[in-house]
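>>> Provided below are the primary sequence and the corresponding predicted coordinates.
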Amino acid sequence: MALSEIDKNLLDRCLARKPGSWEDFVDRFLGLVTHVVNHTAQSRSMKLSPQDREDLCADVFLSIVRDEFAVLKHFRAQCSLSTYLTVVARRVAVRELLQKKTLGRLSLGGSDSNVMEPATNGSHEQRVSNREEVDRLLDGLQDSEARVVRLYHLEGLSYQEISAAVGMPENSIGPTLTRARERMRTKANA
């Protein structure tokens, strides 16, 4: 889809720093950014608190205005502005989720299957305890399954990146993760 006239005008106004343009931009794309943040966290089986969600959305918009709208200046209008911002928002959300650990819990499926909570006080003992619990659950998996789970949930790699790393067909990653999650859920409840 090509760049719409409405988005082109909005983009031009933002880059020219017209009064009210940034507010219009945020109003237009806040829903999209929120959806991308939610979907990114959900696709990695992560649960966000409302505050984490707001922080991630703010991080996305901050990345857009950083360096005098450098992200918008790099837009080449070869797709819709929404498509471009979806990619930007996803990259920021993934980076922030992995780097800052802004999520409240990492869940491997249902709401009752939380297996790892980040240390709330930053204590070394809590992190070691969490790591030991994750290692215990991963020990119940086949080596290939455990490696896929580590790459996806702990390192945040995409299916394509995991496929290249482990030599497994990309369309086998999802079913492998599903089987591994079920085994881990069963072991966690045992």
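Good, I have the coordinates.

>>> list the residues that contact residue 150.
residue 138 (Cβ atoms under 8 Å, 6 or more residues apart in numbering). In this view, the C-beta of every residue, glycine as well, is placed from N, C-alpha and C.

>>> now it: phi and psi?
Main-chain dihedrals, residue 150, degrees, to the nearest 10: phi -60, psi -50.

>>> cool, residue 155 as well?
Per degrees, to the nearest 10, the backbone of residue 155 is at phi -110, psi -10.

>>> what about it, how many neighbours?
Residue 155 is flanked by 11 other residues according to other Cβ atoms under 10 Å.

>>> where do the helices sit along this structure?
Along the chain, the stretches classed as helices by DSSP state H are 5-15, 21-43, 50-73, 81-100, 124-139, 143-149, 159-166, 173-189.

>>> need those helices in TSV with mean neighbour count, can you?
As requested, those are exported to TSV (neighbours: other Cβ atoms under 10 Å):
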stretch	mean neighbour count
helix 5-15	15
helix 21-43	16
helix 50-73	15
helix 81-100	18
helix 124-139	13
helix 143-149	18
helix 159-166	16
helix 173-189	16
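
>>> let's have those helices in JSON lines, adding mean pLDDT.
What follows is the helices of the chain, written out as JSON lines (pLDDT from 0 to 100):
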{"stretch": "helix 5-15", "mean pLDDT": "93"}
{"stretch": "helix 21-43", "mean pLDDT": "92"}
{"stretch": "helix 50-73", "mean pLDDT": "91"}
{"stretch": "helix 81-100", "mean pLDDT": "88"}
{"stretch": "helix 124-139", "mean pLDDT": "60"}
{"stretch": "helix 143-149", "mean pLDDT": "86"}
{"stretch": "helix 159-166", "mean pLDDT": "88"}
{"stretch": "helix 173-189", "mean pLDDT": "82"}
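
>>> excluding covalently adjacent residues, which one is nearest to residue 75?
The shortest distance from residue 75 to any residue other than its chain neighbours is 5.3 Å, reached at residue 84 (Cβ to Cβ, 6 or more residues apart in numbering).
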